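> From the sequence below, what's the structure:
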Amino acid sequence: MHIETSSLQKQYTKQRDLYPIKNILEDKSLTFSEKIISVKKVETDNTSKKISMAGDIVIVDVDLAMAQDSTGPLAIRSLNEMGIDKLSDPSKVLLVLDHTFPAADEKVANLHAMIRDFVSKHNCMLVEGSISHQHILEHLATPGMMILGADSHTCQAGCISAFATGVGSTEIAAVWATGQLWLQVPQTIKINLSGTFNKGVFALDLILDYIGKVGEDGANYKALEWKFSNDYVKQQFSIDSRACISNASMECGAKISVFPSDEITTKYLNENQTINNNNRREKIEIESGTYAKYEDEFEIECNNIESQVSGPDNVDKVHSVDELANVEIDQAFIGSSTNGRIEDLEITAHILKGRKIHKNTRCVVTPASVKVYEDAIKREYVEIYLQSGATFTNSTCGACVGTHLGALGENEICISSSSRNFVGRMGALSSKVYLASPATVAASAIEGKIADPRRYL
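Okay, the predicted model is just below:
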């Protein structure tokens, strides 16, 4: 439904020609996107700024610009073609080797070498062996940051209230060169969460349910703002769960997908401090105003959501797990930036403990980062996976993007906790991919067919 501007909202929007940043953050008529882009926009006067509203096109300062090993080489070539030999601010440039790591063949190895040479020349950041989005979440992102990445799932950092979105390789090259990029302020959809999850239902079930209702372009270039009805509802959404939702929101076209910064956010940031990221305490708290104008508003009652399975071939082709029960599978994949965090490995290890993977099924488990990998070892989850017959890999996007460590052959069927199930996404064009929560994937691995996770919980 379209939300009309109230008279009280109009009252708040009368005097906004030139605002100090403090006033922008306190404005009760602005959405999250309108506030953060107004703060980050490039203007000659850094103390007072003109408000930017939904639909405006503005140039913004960028706090972090990332590319990975499939998009980074294109960005490097673009930078060279522009004749740019110096980065605007190397400390804000991140290159990540994650899509095919370690290199699966000579071609990929050469691309990795190109990236390493670029990093060495420009003294920017390089990460090898953690998925970019998870590394950013664990080590770099803070509330109020402007994060652009040459990868569509960069929107994951919205889980801690950053403006994070994907752009093209050429755009990232422009950011590397100038520190800035133009953006259109997105319209905003407000999503109110209430109720509690039933047994066997998790964050991916929620976002798949939403995508199934609105369609794969139902939030195209829109900002999704997630709101909790009360503290009790909020407590069931850990940062791991929020990251899953923000990440997968790209599958209905969302430009950003943000959760409010709260005590759960603060606790996560405090627990993930390292010697190199003490600046994480320096954050800008941005919350949409009470009278902000939303293009749409949705109510989601968590207790009404069932275990979901999406696919094959389209993310918005969503079914309850019962509708697809007994579809036989060749592979079960647990991992990716969508669902490869420690919370996901905990629930799947619980399900697989003392049980065996079905004799006709392969099960691949891939952590989202080196930190998650280390935590899984310490908690003895890896031993559980190996005893069940699963394969536990290093952190990589490999299986999710069909490059290695779990690619599918002709006509094979996979149930996956990853982000996408497009034709050929995980390998052969004739293969089929279904998406589901890690719990549903683990249950299916045991039975060799799509299965309801509740009987194992």
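
> give me every residue that touches Phe228.
By C-beta atoms under 8 Å, 6 or more residues apart in numbering, Phe228 lies in contact with 193, 234, 237, 260. From N, CA and C alone the C-beta is placed, and that goes for glycine too.

> can you give me phi and psi for it?
phi -100, psi 140 (degrees, to the nearest 10).

> ok, now Gly149?
The phi/psi pair for Gly149 (degrees, to the nearest 10) reads phi -140, psi 140.

> And it, how far from Gln184?
18 Å (C-beta to C-beta, to the nearest Å).

> for Asp205, same thing?
32 Å.

> Kindly report the same for Val201.
Distance from Val201 to Gln184, by C-beta to C-beta: 35 Å.

> Those two: which has the busier surroundings?
Val201 (24 against 15; other C-beta atoms under 10 Å).

> so what's the more buried one up against?
302, 305-307, 437.

> pLDDT below threshold where in the stretch 51-200 of the chain?
Scanning the stretch 51-200 of the chain for pLDDT under 70 picks out nothing.

> where exactly do the helices run in it?
With helices called from DSSP state H, counting those that start in this stretch, the stretch 51-200 of the chain shows them at 72-81, 106-122, 132-135, 169-178.

> Lys50: which of those is closest?
helix 169-178 (20.8 Å; C-beta to C-beta).

> Show me what counts as buried in stretch 226-246.
Within stretch 226-246, the residues that count as buried by 16 or more other C-beta atoms under 10 Å are 226-228, 233-234, 237-246.

> Over to stretch 426-441?
Here stretch 426-441 shows 426-427, 431-441 as buried, counting by 16+ other C-beta under 10 Å.

> Quick check: of the residues you listed, which lies closest to Glu383?
Here the nearest of these to Glu383, counting by C-beta to C-beta, is Pro438; it sits at 17.9 Å.

> my guess is that closest one meets Asn339, correct?
Yes - judged on C-beta atoms under 8 Å, Pro438 makes contact with Asn339 at a distance of 5.1 Å.

> check contacts around the residue nearest to Ala399 when sequence neighbours are not counted.
Nearest residue to Ala399, sequence neighbours excluded (C-beta to C-beta, 6 or more residues apart in numbering): Gly406, at 2.9 Å. By C-beta under 8 Å, 6+ apart, the residues touching Gly406 are 331, 333, 362, 364, 366, 391, 393, 398-399, 426.

> so what's Ala376 up against?
Counting by C-beta under 8 Å, 6+ apart, Ala376 touches 342, 345, 349, 367, 382, 392.

> what would those look like in JSON lines with pLDDT, neighbour count and secondary structure?
Below are the contacts of Ala376 laid out as JSON lines (pLDDT from 0 to 100; neighbours: other C-beta atoms under 10 Å; DSSP: H, G, I helix; E, B strand; the rest coil):
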{"residue": "Ile342", "pLDDT": "98", "neighbour count": "21", "secondary structure": "helix"}
{"residue": "Leu345", "pLDDT": "98", "neighbour count": "29", "secondary structure": "helix"}
{"residue": "Ala349", "pLDDT": "98", "neighbour count": "24", "secondary structure": "helix"}
{"residue": "Pro367", "pLDDT": "98", "neighbour count": "29", "secondary structure": "coil"}
{"residue": "Val382", "pLDDT": "98", "neighbour count": "18", "secondary structure": "helix"}
{"residue": "Phe392", "pLDDT": "98", "neighbour count": "21", "secondary structure": "strand"}
